[in-house]
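>>> Build the 3D model from these lines:
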Amino acid sequence: MDDNSKQGVNRSSEIGNIRNILQSFKAKPDKAESVIFNWYGIPGIGKTCLGLMICLLCKNLDIPFARIDFDYEENPNANQYNENPLLILEEIGIQLNKDIIKDIDVFHNRIKKVLKNSPIVIIFDTCEKVQENLLFWMEDNVLNRLCNQGKSIVVWIGRYPQRWKNYNVRERVKLDKLRPLDKKFTKEQVGKTGAKIYHLTHGYPLGNKLINEKIISQDIELNEKEMLKSLVEDILEAVIFKQIENDIKIAIITLSVLRQFDLMIIEKILVEFESEHFTEDTAFMRLIGRLTATSLVQWNPVLKGYSLDDTIRRILVKYLQTTLPEKYINISQKAADIYDKWIEQNRENRSIYIKERFFHLFNIKKYTKTSDNELTELCKNEIDLYMQKYNFDAASLIQLYEEIKNDEELKDVAGTLVFQNMLNIINDYKNNIDSSEIKEGSVYCA
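The predicted model follows:
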């Protein structure tokens, strides 16, 4: 539990939510409605670790709890659940109050007795392995009836966000995708090498652990190229991509250069850079379905396109930048050119495409050691051109300004000075938009 506790150091928000609800149950038991937390994320992000931390919390608060793991490699009974779902109730009963139960109605009557004295917590882990028939049975016979009794917390942990057919269950669900650790907590997890490791893993807990162990066991300095190779081979290939078909894996690695993509961008990028696997005759609509089926690619409503899981994307980008820099630059240039056309053709998403074009241009310039003054001049020329061609109004400029301002990754790529200069250029236009004549030039830092 000590190691788990260390890996879950920044899950205070999730743990705090459980603690607060349990305390509210005790303070106002008559108004205590059941809650279902659906935590999901990629393998190695710390899902099981978090579930174990909730078990520890319940022990410390003296709250009855049960934990069921559907991973047959960790729980030998998991293989029997589909044929004998009552075994799940039996195991929950034993863990809650050492009571052997083999009947649904008896189970809920016993739960009712427990709830008279205390709220309960039931954790279901590795739920992506729950078969559909068993899921429907659990939803109707376990979760729905627990919801009706109140004073219970169900934690449903899996690789994907769960889809629920029961309205009563669906209304109780709080969906939460688990994020990687930040710099502070990466350092807490792995110690003094945390800052360097974070640069490679973006706080991915399993990646942090792998690299830290290699550094300690081999007593070596952190070699970026070797460590990125290890991340890809020992984690992405061995764990994340383990059951993914080869063409989908290739598509994911190549598309990781982009922060957002649609059907047309996918086709243009893959046909040009992965022609051995994709041609103009490829069924790209079906390909999108296969990509999203991995759960690594999802629709991003903010970027108005599909996006690869951010943690995996950042690791793959660093890997491509280090091992295949020419390919990375060429894909980035192709993406920047595509966005240049999209800016002209799509007024509704113009600010998104401008931002993404800058993102790729800045990444390309990093390899040519372009100075901050040159990057600022690039920003000015691009924005001046957009103003001349597309006649931005005040609302559109405000939208562009806010979207760029809130983009931390773009800020990291551009550098603080260039990023602020870009905002100043946009702000200068924004402040003068109501004038009869837009002033030439912009105010920016030297």
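>>> Do a quick rundown of the helices in the stretch 151-300 of the chain.
167-170, 183-190, 194-201, 205-218, 224-230, 246-255, 263-273, 284-293 (DSSP state H, counting those that start in this stretch).
>>> Can I get these in TSV including mean pLDDT?
Putting the helices of the stretch 151-300 of the chain into TSV (pLDDT from 0 to 100) gives the following:
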stretch	mean pLDDT
helix 167-170	93
helix 183-190	82
helix 194-201	86
helix 205-218	85
helix 224-230	88
helix 246-255	97
helix 263-273	96
helix 284-293	95
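>>> Nearest approach to Pro43 belongs to which of those helices?
For the helices of the stretch 151-300 of the chain, the distance to Pro43 is smallest for helix 205-218, at 7.2 Å, taking Cβ to Cβ. For the C-beta atoms, the positions are set from N, CA and C on the backbone; glycine is no exception.
>>> That closest one packs against which elements?
On a contact count with 3 or more Cβ pairs under 8 Å, 6 or more residues apart in numbering; DSSP states H and E, helix 205-218 meets helix 183-190, helix 194-201, helix 224-230.
>>> Give me the angle between that helix and helix 194-201.
Using axes from the mean of the first three to the mean of the last three Cα atoms, to 10 degrees, the inter-axis angle of helix 205-218 relative to helix 194-201 is 120 degrees.
>>> Contacts for helix 205-218, please.
Contact with helix 205-218 is made by 7, 43-46, 49, 180-181, 186, 189-191, 193-194, 197-198, 200-201, 220-222, 227, 230-231, 234-235, 239, 315, as judged by Cβ atoms under 8 Å, 6 or more residues apart in numbering.
>>> With stretch 146-153 instead?
Under the criterion Cβ under 8 Å, 6+ apart, residues 18, 21-22, 25, 29, 32-37, 108, 111-112, 115, 119-122, 154, 168-169, 172 lie in contact with stretch 146-153.
>>> Low-confidence regions, the stretch 1-150 of the chain specifically.
Low-confidence segments of the stretch 1-150 of the chain (pLDDT under 70): 1-10.
>>> ranges for the helices of it?
For the stretch 1-150 of the chain, the helices defined by DSSP H, counting those that start in this stretch occupy 2-7, 12-27, 47-61, 86-97, 104-117, 132-138, 144-149.
>>> closest to Phe362 out of those helices?
helix 12-27 (31.7 Å).
>>> Give the buried residues for the closest one.
For helix 12-27, the neighbour count (16 or more other Cβ atoms under 10 Å) marks 14, 18-19, 21-22, 25 as buried.
>>> what's the answer for stretch 319-330, then?
319-322, 328-329.
>>> ok, now stretch 288-304?
Within stretch 288-304, the residues that qualify as buried are 288, 291, 294-298, 303, counting by 16+ other Cβ under 10 Å.
>>> do stretch 404-421 as well
Buried residues in stretch 404-421, counted by 16+ other Cβ under 10 Å: 404-405, 407, 410-411, 413-414, 418-421.
>>> Next: stretch 67-87.
Neighbour-count burial for stretch 67-87 flags 67-70, 75, 78, 81-82, 85, 87 (criterion: 16+ other Cβ under 10 Å).
>>> Nearest residue to Trp427 in space, please, no chain neighbours.
Check again: residue 427 is Asn, not Trp. Tyr401 (6.3 Å; Cβ to Cβ, 6 or more residues apart in numbering).
>>> Please verify my assumption that the one you found contacts Leu423.
Yes - the criterion here is Cβ atoms under 8 Å, and Tyr401 meets it with Leu423 at 6.5 Å.
>>> Got the domain ranges for this protein?
Domain ranges of the chain: 2-177, 183-240, 241-323, 338-446, per automatic domain parsing.
>>> contacting residues around Ser332?
Counting by Cβ under 8 Å, 6+ apart, Ser332 has contacts 257, 360, 363-364.
>>> Let's see that with 10 Å instead.
Counting by Cβ atoms under 10 Å, 6 or more residues apart in numbering, Ser332 touches 257-258, 317, 320-321, 359-367.
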